[in-house]
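Dropping a prediction and its sequence here:
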There are 2 protein chains.
Amino acid sequence: MRIAIDAMGGDHAPDLIVKGALEAAAEWPDTELLLVGDTAAIEPLFGGAKPDNVTIHHADDVIGPDDEPVRAVRRKKGASMVVAGTLVKEGHAEAMLSAGNTGALMATGLLVVGRMEGIERPALAPMMPTMDDKGVLALDLGANMDAKPEHLLQYAIMGSIYRAKVHGMDKPRVGLLNVGTEAMKGNEISKATFELLEKAPIHFIGNVEARDVLNRNCDVLICDGFAGNIMLKAMEGAAGTIFTSLKDAFGQSLLTKVAAAIMLPRLKQLKKKMDYKEHGGAPLLGLNGLVVKCHGSSDVVAVKNAVRQARVALQAKLIDSITAEINGK
Amino acid sequence: MRIAIDAMGGDHAPDLIVKGALEAAAEWPDTELLLVGDTAAIEPLFGGAKPDNVTIHHADDVIGPDDEPVRAVRRKKGASMVVAGTLVKEGHAEAMLSAGNTGALMATGLLVVGRMEGIERPALAPMMPTMDDKGVLALDLGANMDAKPEHLLQYAIMGSIYRAKVHGMDKPRVGLLNVGTEAMKGNEISKATFELLEKAPIHFIGNVEARDVLNRNCDVLICDGFAGNIMLKAMEGAAGTIFTSLKDAFGQSLLTKVAAAIMLPRLKQLKKKMDYKEHGGAPLLGLNGLVVKCHGSSDVVAVKNAVRQARVALQAKLIDSITAEINGK
């Protein structure tokens, strides 16, 4: 198994990306890791001991967080992210990971790695946190703002296969994000999508509401990138506001500071539980190869987890399974 | 001023609705309140002393929470909600309030009270809570799932006038709910709406994100009913989950129970602050008369506040102002 890692993307690149890759290399000697980026910046991080299953693939350029995605991918052929995509495209690697610019990674997926035959729109599928820690795979959360019912149907099929293959779920429950749980609720797109999902080769449980996602009302949540993004940010906003207010309330007097001291470990745990950044990399599904978006703030543990996740997906032949289902092969 | 009150709608009808009306009648003797509903159920609640400015307008029937809205409004001509709407339509009252079935009230607005000339789709405009307690008027939150850019433009104009007239705001800031704050973000509808709002006679501040609504990133939030409902329920879900988890955490040991005792008043305050049910009635804007949806759980204070709100809107000639702006009169 060969996995290309964009060593230059993310808030802590190349330092923690490379260190995470080194830990992954030590844990899984059967996996070859191709670190893509500036050799002069990467090599010193090895501390003089390059593992056998790690290779540096030099790339001169970098796509920054503020680069316009499509233009950057088209123009910066030598950027670490684009080179990693090219390695997948040309069969030198089976998967790529990046913690860089999300839009640019989606453009790399589309323009460099390439769409899977039969897929109209790839989807970004991060895990939403749930209180039972099993999470909800939500797609799409940002790749396509205007999804048609046919796209949403494909998301449902891809998401189901992902949870079955990568998370070992038997019959992942697919829910359609909507304004109520009754059948035929919502806007024109959700009504048309509901009808398609009812006939699809998935375990469709009907419409689900945003308010119950944290209690894992489904295993695969289907939505367009617009509604999904608004759901995610509304949750983040509410959680952030409450935690800030709690902090203020705990700081008000000596007595409340005592209460804070007692509660702090539990609050930290709760805050962490609700932080979707903690929940691994997000696959970009519907491409001719495995592309995983790691959060921009990824550290050593996050990179190692993303490698673990990519290994499971590759071992389970995720891409072949999706191709077979979509194209009836 | 005459205000019709659906005495039979809501979880606490007719009891707390009538009691709230009696308090309002005592506070504002210049306002005539028409209590619409079953005389035999309403009259005993007066305790033998009917104020001069309160009249019972008998209605035999009631629309229940599970009635199919449009059908119920069409068939139950004698239902309290429909009769209240008819009183507005026929000029016997200038405004109506109801804590009953939301869908049925929207149908009553459209089919009985009637759309304002020039308005294609009326909008339901509740206040979202904010940490500074000034709130954000959000529209639409549920009347129309598939709003076109032209509808959203009308929402922006109506919402601006409402905040100026009813809340006395000088230049209410209008924001468009979107997935990022940069111009031209989002889906096709939000891009087209952005262009219309830039040219509108409002104080448009651009795109706003769901995560900042609680910090009052705008005064009038424009969204379609689908995205708005998902935002609201995502916030409710996150807040509910956190408060439940906190309750669990506070109950874990004797020590945490001590912390709970210290923090309880502050937590209750925070919870109340975030509960949008606490934030008054929601006007249904774009009709030939003032229609206010009170929350189903409305109590005496909520009813009295809704009467206060209706009085301010009537005194400020809200409906005439909206008509003038929409129709250029």
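That came through fine.

near chain B, anything from stretch A:293-305?
No - using Cβ under 8 Å from any Cβ of the partner chain, stretch A:293-305 never reaches chain B; the gap is at least 15.1 Å. Backbone N, C-alpha and C define where each C-beta goes, glycine included.

pull the CA atoms of that stretch into CSV?
Output of stretch A:293-305 as CSV, limited to C-alpha atoms (Å, rounded to 0.1, in the frame of the first residue of the first chain):
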residue,chain,number,x,y,z
LYS,A,293,-9.0,15.9,3.8
CYS,A,294,-7.4,16.2,7.2
HIS,A,295,-8.4,19.2,9.4
GLY,A,296,-6.1,22.2,9.0
SER,A,297,-5.1,22.0,12.6
SER,A,298,-4.0,18.4,12.3
ASP,A,299,-1.3,17.3,14.7
VAL,A,300,0.7,14.1,15.0
VAL,A,301,-2.2,12.0,16.3
ALA,A,302,-4.6,13.3,13.6
VAL,A,303,-2.1,12.5,10.8
LYS,A,304,-1.5,9.0,12.2
ASN,A,305,-5.3,8.5,12.4
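
now that stretch: mean pLDDT?
On average, the pLDDT along stretch A:293-305 is 92.

Could you check how far it is from the centre of its chain?
When C-alpha coordinates are averaged (Cα atoms, centre = their mean, to the nearest Å), stretch A:293-305 and its chain have centres 10 Å apart.

List the buried residues of that stretch.
A:293-296, A:298-300, A:302-305 (16 or more other Cβ atoms under 10 Å in any protein chain shown).

Tell me how chain A divides into domains.
Residue ranges for each domain of chain A read A:1-119+A:286-329, A:125-276, as given by automatic domain parsing.

Next, format those as JSON lines and append distance to B:G37.
As requested, the domains of chain A are exported to JSON lines (distance: least, Cβ to Cβ, whole Å):
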{"stretch": "domain A:1-119+A:286-329", "distance to B:G37": "55"}
{"stretch": "domain A:125-276", "distance to B:G37": "28"}
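
quick one: which of the ones you listed is nearest B:A21?
Using Cβ to Cβ as the measure, domain A:125-276 is the one of the domains of chain A that comes nearest B:A21, at 31.1 Å.

So which of the buried residues of stretch A:293-305 sit within strands?
Taking DSSP state E as the definition of strands, the buried residues of stretch A:293-305 contribute A:K293.

what's the most distant pair in the buried residues of stretch A:293-305?
A:K293 and A:V300, at 17.6 Å, using Cβ to Cβ across the buried residues of stretch A:293-305.

Helix or strand next in line after the top helix by length along chain A, which one?
Counting residues, the longest helix found in chain A (DSSP state H) is helix A:225-250. Next in sequence after helix A:225-250, counting helices and strands by DSSP states H and E, comes helix A:254-273.

which ones are touching the residue nearest the centre of chain A?
A centroid search over chain A (Cα atoms, centre = their mean) returns A:A282, at 0.8 Å, as the residue closest to the centre. When contacts are counted by Cβ atoms under 8 Å, 6 or more residues apart in numbering or on different chains, A:A282 is found next to A:124-127, A:141, A:292-293.

Nearest to B:G175 among the residues you listed?
Relative to B:G175, and with distances defined as Cβ to Cβ, the nearest of the contacts of A:A282 is A:L141, at 21.9 Å.

For chain A, which residues score under the pLDDT cut-off?
A:276-279, A:329 (pLDDT under 70).

No further questions, thank you.
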